[in-house]
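*Asks:* no letters, just coordinates:
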């Protein structure tokens with residue numbers, strides 16, 4: 001294992017378990033890094049809080065695999081699902097389903113829906129409030145290429161983080177919330193970002209959710225989906241991990257967010273076959289998984 005140290009930060013660098021007879025190469029400080037930060041995955045399943053602040057323009061994603069179970073082989077009859085948004089402020093709402101669905105979207109007073117984005121392998125249609133733009137990405141050749149019904153990842157060919165990454169790039173904003181269930185016919189997104197859903201729990205399915213760390217913590221900061229360190233001043237603690245190894249390779253205090261991100265991307269470039277998970281002050285600043293769910297333990 002190669003280790004490079006520089007700068008004033010104090011780091012504990014742990015020997016990595018060999019995988020396939022080869023341990024990761026670890027560097028701390030020094031060198032230039034190239035790369036692009038991955039999906040800011042945040043944390044899983046935060047409970048709803050009372051009136052969390054709206055962090056500027058928001059992005060909400062609701063995902064299902066189907067709205068009913070009457071599908072088999074080449075039989076894909078359309079289903080129906082309703083979504084009622086009570087979250088005040090301005091937002092884009094993305095709705096995703098593998099099977100064909102007609103969505104009915106309604107909004108409470110004080111809600112500003114800038115756009116509804118539909119995504120699906122099969123046909124997706126919607127009725128929305130007057131004046132709301134609908135952007136459709138459906139069909140085998142027209143969809144966004146990924147589907148989502150569970151957090152942090154969906155099985156059976158779906159890719160939650162892939163869809164999140166695509167939507168963030170498409171809209172230019174970070175994901176605010178996710179709610180999903182394999183089979184469901186309605187969702188109500190409340191103002192506190194809690195959700196009620198008609199999820200087919202009798203069939204063994206469940207709702208899984210995500211709320212952005214900034215919103216759930218009540219401190220929006222100056223977030224920028226293309227820069228995970230935007231608005232993060234001062235120094236803090238940095239934890240970097242190769243997910244396949246199973247424990248952190250770097251723990252350090254009193255480091256700037258940008259320096260931590262640069263080091264995380266440097267180590268990723270030195271070890272292209274490993275999944276990376278890096279946090280600064282407990283917030284994910286970079287996540288890159290070689291296989292879906294590789295970093296679920298972090």
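*Replies:* Yep, that arrived. The structure displayed is predicted, hence computed values, not measured ones. Numbers count the residues shown, from 1 in each chain.

*Asks:* show me where the stretch 51-200 of the chain has its strands.
*Replies:* Across the stretch 51-200 of the chain, reading from the start of the chain, the strands by DSSP state E, counting those that start in this stretch fall at 58-66, 79-85, 89-97, 101-107, 111-120, 124-127, 133-138, 177-189, 195-199.

*Asks:* for the fifth one, give the mean pLDDT please.
*Replies:* Mean per-residue pLDDT for strand 111-120: 95.

*Asks:* now do the helices in this protein.
*Replies:* All helices of the chain, identified by DSSP state H, fall at 160-171, 213-217, 257-270.

*Asks:* can you redo these as JSON lines with distance to residue 126, mean pLDDT and mean neighbour count?
*Replies:* (C-beta placed from N, C-alpha, C; glycine too.) As requested, the helices of the chain are exported to JSON lines (distance: least, Cβ to Cβ, whole Å; pLDDT from 0 to 100; neighbours: other Cβ atoms under 10 Å):
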{"stretch": "helix 160-171", "distance to residue 126": "16", "mean pLDDT": "93", "mean neighbour count": "21"}
{"stretch": "helix 213-217", "distance to residue 126": "25", "mean pLDDT": "71", "mean neighbour count": "20"}
{"stretch": "helix 257-270", "distance to residue 126": "38", "mean pLDDT": "91", "mean neighbour count": "21"}
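
*Asks:* tell me which of those sits nearest to residue 282.
*Replies:* In this view, the helices of the chain are compared for proximity to residue 282 by Cβ to Cβ, and helix 213-217 is the closest at 8.0 Å.

*Asks:* residue ranges in the stretch 1-150 of the chain under the pLDDT threshold?
*Replies:* Filtered on pLDDT under 70, the stretch 1-150 of the chain yields the residue ranges 1-23, 29-56, 72.

*Asks:* run through the bridge partners of residue 210.
*Replies:* Beta bridges link residue 210 to residue 178, judged by DSSP bridges.

*Asks:* re the thing from before, put together TSV for the helices of the chain, with distance to residue 113 on each row.
*Replies:* Converted to TSV, those look like this (distance: least, Cβ to Cβ, whole Å):
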stretch	distance to residue 113
helix 160-171	13
helix 213-217	18
helix 257-270	33
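
*Asks:* out of those helices, which gets nearest to residue 122?
*Replies:* When the helices of the chain are compared by Cβ to Cβ, helix 160-171 sits nearest residue 122, at 15.6 Å.

*Asks:* if we can go back for a sec, want to throw the strands of the stretch 51-200 of the chain into TSV with distance to residue 156 and mean neighbour count?
*Replies:* Formatted as TSV, the entries for the strands of the stretch 51-200 of the chain read as follows, by distance: least, Cβ to Cβ, whole Å; neighbours: other Cβ atoms under 10 Å:
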stretch	distance to residue 156	mean neighbour count
strand 58-66	8	26
strand 79-85	17	19
strand 89-97	13	23
strand 101-107	17	19
strand 111-120	15	20
strand 124-127	19	18
strand 133-138	18	16
strand 177-189	9	23
strand 195-199	17	19
